[in-house]
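S.K.: Quick one, structure for this:
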Amino acid sequence: MNPILQFANDENFLVVADSIAKYYMIDLNNGNLIWSKNSLAPFNSQIKIFKDKFFIIDFTNTLRCFSLKNGEEIWNIKTDTSLIRSQKKLSIVIVDDVIYFNNSIGDISAVGINSGELLWQLPTQSNLVYESAFSLETSDIITDKNYLYFSNNNNQFYSVDIKTGNFKWQNKVNSNLRPTLIENYLFSISIEGYLIIIDKITGNIIKVTDVFNNFNQKKRNEIKPTGFIVGLSNIYLSTNIGRLLVIDIKSGKTTKTLKIANDKISRPFALKNNLFLIKDDAIIKLD
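M.R.: Below is the predicted model of the structure:
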């Protein structure tokens, strides 16, 4: 059935949930199955672990809270849903005792972890966009513990106050990739291949650089960014055509283009002094 798996771990245990409504926990030390359960609907989000609970969102836009000990559901909270399922994985962040998450139609919700009570909800799309929500792709949500930051493929980048659920600012950035926050600067790469640096306080765009400028127009029409990470001196950007771009942070220019595969590669992962990428049926390690 080719299920899509989501993972989260707390050093000793691995929690797995999939797109055919199954979830289970494995002992990382010996690989033994601790417990296994089935849910009412398939899952479509990150998994977040907090103390003795874990959280995940299903295809009905319902946030579900489960016990780590036995996998039993503790509470759930349902948000509005669309008729067509979005294939974009939904995002969850936790600050103190509040969980923040998005749904497939662009709403951002804040829920108390212990009570399961909805604290606030913020729609980000108009009624007109709501009707075509199946095409909405929102980036992962990131936070500095005071504000939430995220963008989407409708040319919108937001900063939202986590206490009130009000917009702090909005700017025009067309990206469904997870942004990166370094000090007071937000880094994003648009679907069209532009590196964008934003002041997190004002929302003003500080710099825009074309990182796809080394590709001819035909190749440029085919290529899409799939994820990036920011290092000390370079940004590493993966793409849907198997190319890894190395971008100089200071100039914003692409200094290297490495061929890793012939098709899509994952967002890069850094561990110690190595870079890891995932493609179909393989994990690739780079020095």
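S.K.: isn't there a strand covering residue 121?
M.R.: Yes. The assignment for residue 121 by DSSP: H, G, I helix; E, B strand; the rest coil puts it in a strand.
S.K.: That one reaches residue 108, doesn't it?
M.R.: Yes. Counting by C-beta atoms under 8 Å, residue 108 is a contact partner of residue 121 at 7.1 Å. The C-beta positions use only the backbone N, C-alpha and C, and glycine is treated the same way.
S.K.: where's residue 55, which helix or strand?
M.R.: strand 53-57 (DSSP states H and E).
S.K.: Show me the strands paired with that strand, marking each as parallel or antiparallel.
M.R.: Partners of strand 53-57 in the sheet, by DSSP bridges, are strand 48-50 (antiparallel), strand 62-67 (antiparallel).
S.K.: Centre of the chain to the shortest one, how far?
M.R.: Spelled out, it's strand 48-50. Counting by C-alpha atoms, centre = their mean, to the nearest Å, strand 48-50 is centred 15 Å from the centre of its parent chain.
S.K.: The longest one now?
M.R.: Per C-alpha atoms, centre = their mean, the displacement of strand 62-67 from the mean C-alpha position of its chain is 19 Å.
S.K.: any idea of the mean pLDDT in it?
M.R.: What strand 62-67 shows for mean pLDDT is 97.
S.K.: With the shortest one instead?
M.R.: Computed over strand 48-50, the mean pLDDT rounds to 96.
S.K.: buried residues in it?
M.R.: residue 48 (16 or more other C-beta atoms under 10 Å).
S.K.: do the same with stretch 102-110
M.R.: The neighbour-count check on stretch 102-110 (16+ other C-beta under 10 Å) flags 102, 103, 104, 105, 106, 107, 108, 109, 110 as buried.
S.K.: in what helix or strand does residue 34 lie?
M.R.: strand 33-38.
S.K.: what's the answer for residue 218, then?
M.R.: helix 217-222.
S.K.: gap between that helix and the chain center?
M.R.: Put simply, helix 217-222 sits 26 Å off its chain's centre (C-alpha atoms, centre = their mean).
S.K.: Then stretch 241-249?
M.R.: Distance, stretch centre to chain centre, for stretch 241-249: 20 Å (C-alpha atoms, centre = their mean).
S.K.: What are the buried residues along it?
M.R.: Of the residues in stretch 241-249, those buried by neighbour count under the rule 16+ other C-beta under 10 Å are 241, 242, 243, 244, 245, 246, 247, 249.
S.K.: Next step: those residues restricted to strands.
M.R.: Those of the buried residues of stretch 241-249 mapping onto strands are 243, 244, 245, 246, 247, per DSSP state E.
S.K.: what about the helices in the stretch 1-150 of the chain?
M.R.: In the stretch 1-150 of the chain, the helices defined using DSSP state H, counting those that start in this stretch lie at 127-130.
S.K.: And the pLDDT for residue 25?
M.R.: pLDDT recorded at residue 25 is 98.
S.K.: Now do the contacts for the nearest residue in space to it that is not next to it in sequence.
M.R.: With sequence-adjacent residues excluded and distances taken as C-beta to C-beta, 6 or more residues apart in numbering, residue 25 is closest to residue 34, at 4.3 Å. By C-beta atoms under 8 Å, 6 or more residues apart in numbering, the contact set of residue 34 is 13, 24, 25, 26, 27.
S.K.: show me the contacts for the third one.
M.R.: Read that as residue 25. Contact partners of residue 25, counting by C-beta under 8 Å, 6+ apart, are 13, 14, 15, 16, 33, 34, 35, 36, 68, 71.
S.K.: one more time with 6 Å
M.R.: The contact partners of residue 25, taken as C-beta atoms under 6 Å, 6 or more residues apart in numbering, are 13, 15, 34, 35.
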